[in-house]
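[1] quick one, what's the 3D model for this:
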Amino acid sequence: MTIKGDDRPRSLERRSMYSIFARLDPNERLPRELILEGKRQRRMGMRWIELGAVFYLPALMLAVVLLGSAGLNPRVAFAVAGVMFVGFLIYAAYGKYR
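    Numbers count the residues shown, from 1 in each chain. As a prediction, this is how the structure comes out:
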């Protein structure tokens, strides 16, 4: 069975689409735009969390190397690294509430 003429369904014509769906008001803000705008505003606070993430690994390595070269037990050095990890994790988790 073939359709002669135009193959597009008539429901997709521009006039019929405008009769079904009203045009969007360009001055009206959509809820998703408000959500994205809120995330953009929060981005400033995310810098501190990212900064903590960037400095975690160098701080961890520095602590392990310094404590190891000071002659302390490696278990103590890695315990300090674990405490630092928990501290950075808490800092990152509660950073969004600041």
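[2] number of nearby residues for L57?
    Neighbour count of L57, defined by other CB atoms under 10 Å: 10. Where C-beta positions appear, they are placed from N, C-alpha and C, glycine not excepted.
[3] which strand or helix spans it?
    Taking DSSP states H and E as the definition, L57 sits inside helix 31-69.
[4] number of residues surrounding A92?
    A92 has 16 neighbours, counted by other CB under 10 Å.
[5] check which helix or strand it maps to.
    Using DSSP H and E, A92 maps to helix 74-93.
[6] packing partners for that helix?
    Under the contact criterion of 3 or more CB pairs under 8 Å, 6 or more residues apart in numbering; DSSP states H and E, helix 74-93 touches helix 31-69.
[7] low-confidence stretches in the protein?
    1-15, 23, 28-31, 33-49, 95-98 (pLDDT under 70).
[8] follow-up on the earlier one: buried stuff in the helix holding A92?
    By neighbour count on 16 or more other CB atoms under 10 Å, the buried set for helix 74-93 is 77, 80-81, 84, 88, 91-92.
[9] contacts made by that helix with the rest, please.
    Helix 74-93 is contacted by residues 49, 52-53, 56, 59-60, 63-64, 67-68 when judged by CB atoms under 8 Å, 6 or more residues apart in numbering.
[10] closest to D25 out of those residues?
    Among these, I49 lies closest to D25 (CB to CB), at 37.0 Å.
[11] for V80, give its distance to L62.
    11 Å (CB to CB, to the nearest Å).
[12] got it, and G68?
    From G68 to L62 the distance is 11 Å (CB to CB).
[13] for M17, same thing?
    According to CB to CB, M17 and L62 sit 63 Å apart.
[14] any figure for the gap between the closest residue to V64 other than its chain neighbours and F21?
    Once flanking residues are discounted, V64 sits nearest to A77: 4.8 Å by CB to CB, 6 or more residues apart in numbering. With distances taken as CB to CB, A77 is found 65 Å from F21.
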